[in-house]
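Peer 1: A structural model of the following input is requested.
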Amino acid sequence: MSTRKILLVEDNTDDVLLTLRALQRANILNEVIVTRDGHEAFEYLAAKGQYAGRDASDYPVVVLLDLKMPRMGGLEFLQRIRSMNSLRLLPVVVLTSSKEEQDICESYNLGANSYIQKPVDFDQFVQAIRTLGLYWLVLNVSPMGGSAE
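Peer 2: As a prediction, this is how the structure comes out:
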């Protein structure tokens, strides 16, 4: 199993399970860290709160980010990490059901690397996850201290 982690930021339990199942079906075996909102995801990345003691330099290879969440939504999370030198280059893929043009534009304006609308059909979702995994986990060379293996 790969040590290159994926950070999934998603508050909907059904969507978490769907994403984990799609990753498994697409043979993406990377460890997936699940956080329920932007605040918890930020604590994970900063190794604070319940994640205190975690190696803060062990960055995930990619963040899969939902937008509509309690406490700290995806857009606020993006804005916050892009303002920090240590996290501004972390690859972030918005993975959401939102088709609102304002969300798409704002995500890119705040530094999202990609914006994927979740397909409703499970097989299409698996294919989207497979493609995402191929690019971000195999082909992409990360600026956060690691290359494709």
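
Peer 1: Every contact and neighbour count from this point should use C-alpha atoms.
Peer 2: Noted.

Peer 1: Now do the helix or strand where D123 lies: which elements does it pack against?
Peer 2: Applying DSSP states H and E as the criterion places D123 in helix 122-133. The contact analysis (3 or more CA pairs under 8 Å, 6 or more residues apart in numbering; DSSP states H and E) places helix 122-133 against helix 13-25.

Peer 1: Pull out the buried residues from the helix it packs on.
Peer 2: Across helix 13-25, burial judged by 16 or more other CA atoms under 10 Å covers V16, T19, L20, A22, L23.

Peer 1: Please name the residues that touch G49.
Peer 2: E43 (CA atoms under 8 Å, 6 or more residues apart in numbering).

Peer 1: Counting neighbours, what do you get for K68?
Peer 2: 19 (other CA atoms under 10 Å).

Peer 1: So for the nearest residue to it once chain neighbours are set aside, what's the pLDDT?
Peer 2: Among residues not flanking K68 along the chain, G74 sits closest, at 6.4 Å (CA to CA, 6 or more residues apart in numbering). On pLDDT, G74 comes in at 96.

Peer 1: Okay, G74 and T13: tell me how far apart.
Peer 2: 16 Å (CA to CA, to the nearest Å).

Peer 1: which intervals of the protein have sub-threshold pLDDT?
Peer 2: 1-2, 143-149 (pLDDT under 70).

Peer 1: Tell me where it has helices.
Peer 2: Here the chain has its helices, by DSSP state H, at 13-25, 38-46, 74-82, 101-109, 122-133.

Peer 1: circling back to that earlier point, adding distance to D103 as columns, could you present the buried residues of helix 13-25 in JSON lines?
Peer 2: Output for the buried residues of helix 13-25, formatted as JSON lines (distance: CA to CA, whole Å):
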{"residue": "V16", "distance to D103": "21"}
{"residue": "T19", "distance to D103": "21"}
{"residue": "L20", "distance to D103": "24"}
{"residue": "A22", "distance to D103": "24"}
{"residue": "L23", "distance to D103": "25"}
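
Peer 1: of those residues, closest to Q50?
Peer 2: V16 (19.9 Å; CA to CA).

Peer 1: I figured the residue nearest to K68 hits V63, correct?
Peer 2: No: using CA atoms under 8 Å, G74 is not in contact with V63, being 10.9 Å away.

Peer 1: coming back round to it: so for R4, which of the helices of the chain sits nearest?
Peer 2: So among these, helix 122-133 is nearest, using CA to CA, at 11.6 Å.
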